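# this one's structure only:
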């Protein structure tokens, strides 16, 4: 038996994760991280989610505590999110939350309090193979969350438990119903937790930074329109550009911030988005660094692509070359590498261009 601090977001996955650990005989304490200090109605930061987590803990007969990590969340997630959009990149706040809050701040607090491990309700699996820890995809392909956990290194994996990783979602809900958990039928969280559903990204960013209008031009440089906030435009976008209808479908193929006083959005045909390589920086590895043939995935539920990763250049960036052309990935998003032979995560980094 070990002492386990289980992160309880108020959803069914973390509820069942806690229940499984209790059933296995561990000494379990549930913790809900208070992350977003502002108003929230989505994700795992709302008042109702904290209450759901507390009441599930009561049902399971375990203690429940709330850790206020709002300053860390602002520093490592919200501020970089806003700064990224201002600089013309598209950050992934959920990945940074896992990196800095769940795998750093929460683990640090757990260690100080004498816990042996931290557990979460993520759909991924951790295994010990040949004396090395591996991070594998979750058993349910539709719910696999290994992509957003790619930054976990050997030390992190050794002290992390993922109790539901080998389950399909319907099995998780069945367990919750069987033991009468109040979260059994609760919908999955989908949205960025610090952006209210009735406000949206433009309102959130506009309250924090000046939003700049930008010209929209085609690939020949011909001016064809205007967007009110270049900070909300991302590579691959095709809606919300204010372009006249009836013509060919156009996608955002580039966002030029070279002149901060006159940013430009470039649109073109789908073929203009195609690339066969991407530069990836800020790499992290689950074990030793890798060069050679891999699978690369560029969104949480995207299709893995056969690729080759080269060694780091002088700036520490790696070039990932794909076997077939792919849609350009927005800078700021994560490219996650998997082993060709199975479903193990090798590591990942931030797409630079």
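Now that the structure is in, tell me what you want to look at. Treat the numbers as computed from the prediction; the structure is a model and nothing was measured.
# domain assignment for the chain?
Following automatic domain parsing, one finds the domains of the chain at 3-121+163-178, 210-268, 274-351.
# Off-centre distance for the first one?
Mean C-alpha position of domain 3-121+163-178 versus that of the full chain (CA atoms, centre = their mean, to the nearest Å) differs by 14 Å.
# Quote the end-to-end distance of that domain.
In domain 3-121+163-178, first residue to last residue: 25 Å (CA to CA, to the nearest Å).
# And the helices in this structure?
Listed in chain order, the helices of the chain (DSSP state H) span 12-23, 47-60, 70-73, 79-87, 93-97, 106-112, 154-158, 169-178, 200-206.
# Give me the contacts around the shortest one.
Okay, so that is helix 70-73. Residues outside helix 70-73 that contact it (CB atoms under 8 Å, 6 or more residues apart in numbering): 34-37, 97, 100-101, 105, 194. To be clear about C-beta, it is placed using only N, CA and C from the backbone, and glycine gets the same treatment.
# the longest strand in the chain is where?
Across the chain, the longest stretch assigned as strand under DSSP state E is strand 274-285.
# For that strand, name the packing helices and strands.
strand 318-327, strand 345-351 (3 or more CB pairs under 8 Å, 6 or more residues apart in numbering; DSSP states H and E).
# ranking the domains of the chain by burial, who's on top?
The highest mean neighbour count among those, using mean count of other CB atoms under 10 Å, belongs to domain 3-121+163-178: a mean of 19.
# for the record, mean pLDDT for it?
Mean pLDDT, domain 3-121+163-178: 93.
# Show me what residue 344 bridges to in the sheet.
Beta-bridge partners for residue 344, by DSSP bridges, are residue 136.
# and it, what pLDDT?
What the model reports for residue 344 is a pLDDT of 97.
# With residue 258 instead?
80.
# State the distance from it to residue 327.
23 Å (CB to CB, to the nearest Å).
# quick one: which of the domains of the chain is nearest residue 188?
Ranking the domains of the chain by proximity to residue 188 (CB to CB) places domain 3-121+163-178 first, at 6.9 Å.
# quick one: contacts for residue 98?
Residue 98 makes contact with 148-149, 151, according to CB under 8 Å, 6+ apart.
# got TSV for these, with neighbour count and distance to residue 287 too?
Listed next are these as TSV, based on neighbours: other CB atoms under 10 Å; distance: CB to CB, whole Å:
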residue	neighbour count	distance to residue 287
148	21	18
149	27	14
151	25	13
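# Kindly reformat these as JSON lines containing pLDDT.
Below are the contacts of residue 98 laid out as JSON lines (pLDDT from 0 to 100):
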{"residue": "148", "pLDDT": "96"}
{"residue": "149", "pLDDT": "97"}
{"residue": "151", "pLDDT": "96"}
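# Tell me the one of these nearest residue 126?
For these, the nearest to residue 126 is residue 149 (9.2 Å; CB to CB).
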